[in-house]
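S.K.: Pasting a predicted model and its sequence here:
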Amino acid sequence: MTEFSYGPLDCGCDRPHHDPRLVVLTGGPGAGKTAVLEMARRALCRHVAILPEAASIVFGGGFPRHSGDAGRRAAQRAIYHIQLELERVVIDEREAAVALCDRGTIDGAAYWPDRAASYFNALATRVEAELARYAAVIHLRSPATSSGYNRQNRLRIESADEAARLDALILDAWSGHPRRFIIESTADFVTKAARALELVKAELPLCCQAHPLAPG
């Protein structure tokens, strides 16, 4: 069963409710999102909710992964609506100060078979409205094969070249966000991950920032 995860640390904040800020962790295949999210589950306070990836829910649940344009459009429409509802739950519950999203609604534009504009038209929305949903975007760059790219995730089907292409498309899709932070791949992944965690922590209200990061 898919559930939200919350950080384990007590930040000392006793506020009963928060107005959650949505923070996106994105990037191309193999960029390290899964590892960073797992570290976030251990390193951040109980007022950080880690949302599951909508695409993993869709494809892991048996949605057909057809390579044709019609299949790709159908999958991205399904992912978009699941993403919206995941975000809606955490916003309405008001338990989290920050909701750390494993990708956001903009990501689908990079996987859409036509122009990105047709993605937003098909979903009856505008890119400006989708960008405005998120307080910050953290983009982890995909590494090259020589820098650690692999296909150990059973849902990852992209080669290193395809991962680099998708990484560039995702980077372009989010280019209009005013608070986008790009973290390049490094030989030491811990450095990359620690930078991402610091950025997430900085989005917390002051009442939730007293605890040190504990990413061990």
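M.R.: That came in fine, so what should we check first?
S.K.: who touches the top strand by length along the chain?
M.R.: Looking across the chain with DSSP state E, the single longest strand is strand 21-27. Strand 21-27 is touched from outside by 33, 36-37, 87, 91, 97-104, 106-107, 133-142, 167, 170, 174, 196, 200, 203, with contacts defined as CB atoms under 8 Å, 6 or more residues apart in numbering. Quick note: C-beta positions are derived from backbone N, CA and C, even for glycine.
S.K.: and what of stretch 76-93?
M.R.: Contacts for stretch 76-93 (CB under 8 Å, 6+ apart): 4, 20, 22, 49, 51-52, 54-55, 57-58, 63, 96, 99, 101, 103-105, 108, 111-112, 119, 122-123, 133.
S.K.: List buried residues within those residues.
M.R.: Among these, the ones that count as buried by 16 or more other CB atoms under 10 Å are 4, 20, 22, 49, 51-52, 54-55, 57-58, 63, 96, 99, 101, 103-105, 108, 111-112, 119, 123, 133.
S.K.: Keep only those of these that are in helices.
M.R.: Of the positions in the buried ones among the contacts of stretch 76-93, 54-55, 57-58, 108, 111, 119 sit in helices, assigned by DSSP state H.
S.K.: Report the two of those separated the most.
M.R.: Spatially, the most separated pair among those is I57 and Y119, at 19.3 Å (CB to CB).
S.K.: Count residues in the vicinity of G68, would you?
M.R.: By other CB atoms under 10 Å, 9 other residues sit near G68.
S.K.: Could you pull out the buried residues of the lengthiest helix in the chain?
M.R.: Secondary structure of the chain per DSSP H: the longest helix is helix 69-93. When burial is assessed from 16+ other CB under 10 Å, helix 69-93 yields the following buried residues: 72-73, 75-80, 82-83, 86-87, 90.
S.K.: Check stretch 22-42 too.
M.R.: 22-34, 36-37, 39-41.
S.K.: what's the average pLDDT for it?
M.R.: For stretch 22-42, mean pLDDT rounds to 94.
S.K.: what about the protein, any weak spots by pLDDT?
M.R.: Along the chain, the parts satisfying pLDDT under 70 run over 1-2, 145-158, 214-216.
S.K.: All the strands of it, residue numbers only.
M.R.: Using DSSP E, strands in the chain cover 5-6, 21-27, 48-51, 98-102, 136-140, 180-183.
S.K.: Thanks again, I'm all set now.
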